[in-house]
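[1] return atomic coordinates for the entry below.
(chains A and B)
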Amino acid sequence: MNAIGLIFSNIHDYVIPELSRRRAIASIPFGGRYRMIDFELSNMVNSDITKVGVITNYNYQSLMDHIGTGKDWDLARRSGGIKILPPFITAYDSAKGEAFNTSRLELLKGALSFIERSKEEYVVMTDCDRVCTLDYQKLLDRHIESRADITIVTHRKKVTDDGIGKEILIDADMIGRIDDISEHTAADEGYHNVSMNIFVLKRTYLLSIIRDSIAHGYKSFYHDIIAKNLMHSDYYIYNFDGYSMTINSLSSFFSSNMDLLKPDVRAQLFEMPYHPVYTKVRSSAPTKYLEGAMVSNSLIADGCIIEGKVENSIIFRGVHIARGATVKNSILMQDTIVSKDVSLNCVITDKNAVIRDGRTLSGHETLPFFIDKGVII
Amino acid sequence: MNQKRKECVAMLLAGGQGSRLYALTKSTAKPAVTFGGKYRIIDFPLSNCINSGIDTVGVLTQYQPLVLNDYVGNGLPWDLDRTYGGVKILPPYQGQKKADWYKGTANAIYQNLAFIEQYDPEYVIILSGDHIYRMDYSEMLRFHKRKDADCTIAVLEVPLKEASRFGILTTHDDGQIYKFTEKPKEPDSTKASMGIYIFNKKKLFEYLIADEADENSSNDFGKNIIPTMLKSGERMFAYPFEGYWKDVGTIDSLWEANMDLLGENPAFSMNEESRGRIYSRSSVSPPQFVGKSAVISNSIITEGCKIHGTVINSVLSHGVIVEPGAIVKDSVIMANTYIGKDASVNHSILDENITVEQGATVGASKETDKGIAVIGNGCKIAAGQTVAAGEMISD
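    Okay, the predicted model is just below:
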């Protein structure tokens, strides 16, 4: 595909402080063995985008550890492949300066030289707060066909208060040309085209936007570029009608994971033809079930040892659930240890959490109980 | 070449047909046979190599190499994708004067002396792709150096009554070998050769070249090289290995070795990562899904499986589907096999890509003692059809 990919790894970090305190939203664990960025990277690789820049500006250790050389996505390449684009700070910038700005446009300024040096005609830009399976080739075809300057992918849905201040709503005419663009406020209700923050545009056009923004001090991609130029530019939407879940709070993280227990959701994410979802290979042993294990309606990754009872849960790699323990409606991340006779309900554990013998912990699906990384209870 | 020489190069004999695995090796070399859910037999020697600090491995292939070549690839899963060294597939080749299949184990190495020479190693370790075990070859190499040996052979203590199935080594108290008998009728020792040899490169080359010149030789390590070296009075030692080691060359032993992984205190555990992780080429599959009607007990299940039926005392590879009402018991099910509704699979080994349709019956209870049912790659067992215990089916 004649396009480069740009992935913004931090933009929505603030929406899940629990999980993104020490990592970018891109590296939040999801669905038993994945990180959020895996879905975007897989979309790109499966659409033959083989040059991808990952824009990041802080908290990127865990992301870099996850991506490594990019070989697990077949993106370890001499020409193209994956490139992490950390903040561009010169010796003359103050450390507290603009480098920590997370606005899309500010971040693009930092990636300017990567975009300049590429030769591909188009750019596909995405964020990491969403899980979906999307064919970018189709998106690009539509973009070219409609002669758009920018095409923004939208998802039509009934808006909820969850998205206030976090979502961008887009109005378009019959042929998809954008009329208006606004932030989701308390006044909005009913069905709207919600931006999925996926953009396709010509590389040269993006460069002119970035240079113009540097010259004029523009900060916001939506407000200073899209909204301002609506009248005399051709901005189009591309409505995506497949399954898409946005993670914009701990409770939506919880419900999105739980959605994976539905066969139709798994079919749309994991079983699309020629669309495998790649992730870092961990080489764990297969999961071992001992006598007395009772498992029902759960998604279980490799490397686990299960002796107890598991129901309606997502179990990540290397989790140990001891005899007599009961885990219900919970998400247990990598290497969590659930000791004997523990009872968990609506609990999210971050990596390496340990729950000692006999503890009972319970949250509610609207307010799951969260246990931080490495915490021993 | 300016690069640093390698201290020890491994040569892995992976050309065996594995004829006693019948249907399972019809289109696959034995080292590429699936084991323990997500592994293939060759993962064990390859992982042992990298865990022992040996990063140069020549894999000698001959029989049905397609799956094996594809699996080993550039060696990435074992961290053996190196610019210098790493894993190299060594098939038989055509030379200027002659072209030959590998005539025997020794001949296979002989034909690849140039490969070894590239790295100018002090030692060469010969391995085979037939066994399930975890071993630190660097310990054996230290032993070899300490004994100032020309050749060291790893040995396992076996019960006396089973000794006649193995190549038996008889040694002095210090471990020096003075006698080697292939499958002795009346064994005088219980030290069985594991088919793992460390040679000083110079000696190895010397004997391989001499062996090749001998027209009466069958060019085999066990039959020719080892006995000849002994006769010539070379310093040969037996390195005692303790731990799990299993030849999985037969249907029964392959089944048993899989069952050895199960339970709380298994004979061989894949989860003991501190003792050396076994690496494998992963499938790209989502986590396994266990449905509401599933019952799973004492089993090993891999990514990509969907379990809605009953799975007891079994080992399932990736992408296996067990539909509601189906029962899988005491069985080994390899990748992407489908077990239909209400079907029953008992005491069986099912290869990859098999379809067992609704209500079909494969094998019989282990207790009937009528043997393991085996179904070869890609077969389809029609609805309601029965495959008897001990029966073998391939297309």
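
[2] now do the helices in the stretch 101-250 of chain A.
    With helices called from DSSP state H, counting those that start in this stretch, the stretch 101-250 of chain A shows them at A:104-110, A:112-117, A:136-145, A:203-216, A:228-229, A:250-259.

[3] now the ones you listed as a markdown table including distance to B:I177, mean neighbour count and mean pLDDT?
    (Glycine included, C-beta is placed from N, CA and C.) Output for those, formatted as a markdown table (distance: least, CB to CB, whole Å; neighbours: other CB atoms under 10 Å in any protein chain shown; pLDDT from 0 to 100):
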| stretch | distance to B:I177 | mean neighbour count | mean pLDDT |
| --- | --- | --- | --- |
| helix A:104-110 | 67 | 20 | 88 |
| helix A:112-117 | 63 | 13 | 94 |
| helix A:136-145 | 64 | 17 | 96 |
| helix A:203-216 | 70 | 15 | 94 |
| helix A:228-229 | 85 | 14 | 92 |
| helix A:250-259 | 60 | 20 | 94 |
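
[4] just put these in CSV and tack on distance to B:S269.
    CSV is the format used below for the helices of the stretch 101-250 of chain A (distance: least, CB to CB, whole Å):
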stretch, distance to B:S269
helix A:104-110, 47
helix A:112-117, 46
helix A:136-145, 44
helix A:203-216, 53
helix A:228-229, 63
helix A:250-259, 30
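
[5] so for chain B, which of those helices sits nearest?
    Chain B sits nearest to helix A:250-259 of all the helices of the stretch 101-250 of chain A, at 11.2 Å, using CB to the nearest CB.

[6] which secondary structure elements does that closest one contact?
    helix A:17-20, strand A:29-30, strand A:244-246, strand A:347-349 (3 or more CB pairs under 8 Å, 6 or more residues apart in numbering or on different chains; DSSP states H and E).

[7] could you rerun that using 7 Å?
    strand A:244-246 (3 or more CB pairs under 7 Å, 6 or more residues apart in numbering or on different chains; DSSP states H and E).

[8] who's in contact with residue 137?
    If you meant another chain, say so; for now it's chain A. A:Q137 sits next to A:M1, A:S47, A:D48 when contact means CB atoms under 7 Å, 6 or more residues apart in numbering or on different chains.

[9] my question was about chain B
    B:Y137 neighbours (CB under 7 Å, 6+ apart): B:N48, B:C49, B:S52, B:I54, B:I125.

[10] count the neighbours of the first one for me.
    As a burial measure, B:N48 scores 24 neighbours (other CB atoms under 10 Å in any protein chain shown).

[11] wait, A:V159 touches A:H184, no?
    Yes. The pair A:V159 / A:H184 is scored as a contact, 6.1 Å apart, by CB atoms under 7 Å.

[12] what about these two, which has more around it?
    A:H184 (20 against 16).

[13] quick check: closest non-adjacent residue to that one.
    Closest residue to A:H184 apart from its sequence neighbours, by CB to CB, 6 or more residues apart in numbering or on different chains: A:E167 at 4.0 Å.

[14] quick one: strands adjacent to the helix or strand containing B:V374?
    Taking DSSP states H and E as the criterion, B:V374 maps to strand B:373-375. When pairing is defined by DSSP bridges, strand B:373-375 lines up against strand B:348-350 (parallel), strand B:392-393 (parallel).

[15] what's next to the shortest one, contact-wise?
    Outside of strand B:392-393, the residues that reach it under the criterion CB under 7 Å, 6+ apart are B:Y22, B:A23, B:V374, B:I375, B:G376, B:C379, B:V387.

[16] quick check: mean pLDDT of that strand?
    Averaging pLDDT along strand B:392-393 gives 93.

[17] can you check the first one too?
    Along strand B:348-350, the predicted confidence averages to a pLDDT of 97.

[18] could you look up the SS state of the closest residue to B:L60 other than its chain neighbours?
    In this structure, B:L60 finds its nearest non-sequential neighbour in B:A108, 4.6 Å apart by CB to CB, 6+ apart. Put simply, B:A108 is helix when judged by DSSP: H, G, I helix; E, B strand; the rest coil.

[19] residue contacts, B:A108?
    By CB under 7 Å, 6+ apart, the residues touching B:A108 are B:L13, B:G15, B:L60, B:Y102.

[20] dump these to CSV, plus secondary structure, neighbour count and pLDDT.
    Listed next are these as CSV, based on DSSP: H, G, I helix; E, B strand; the rest coil; neighbours: other CB atoms under 10 Å in any protein chain shown; pLDDT from 0 to 100:
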residue, secondary structure, neighbour count, pLDDT
B:L13, strand, 24, 94
B:G15, coil, 25, 84
B:L60, strand, 26, 94
B:Y102, coil, 22, 86
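
[21] so which of those residues comes closest to B:V158?
    Among the contacts of B:A108, B:L13 lies closest to B:V158 (CB to CB), at 21.3 Å.

[22] thinking again about what came up before, and the furthest pair within the contacts of B:A108?
    Greatest spatial distance in the contacts of B:A108: B:L13 and B:Y102, 8.8 Å, computed using CB to CB.

[23] got any residues that touch both of the two?
    B:L60, B:A108.

[24] so what's residue 152 up against?
    Chain wasn't specified; assuming chain A. A:I170, A:S195, A:F199, A:Y235, A:I237.

[25] sorry, should have said chain B
    B:M140, B:F143, B:H144, B:I198, B:F237, B:Y239.

[26] so which of those residues are in helices?
    Judged by DSSP state H, the contacts of B:T152 include B:M140, B:F143, B:H144 as members of helices.
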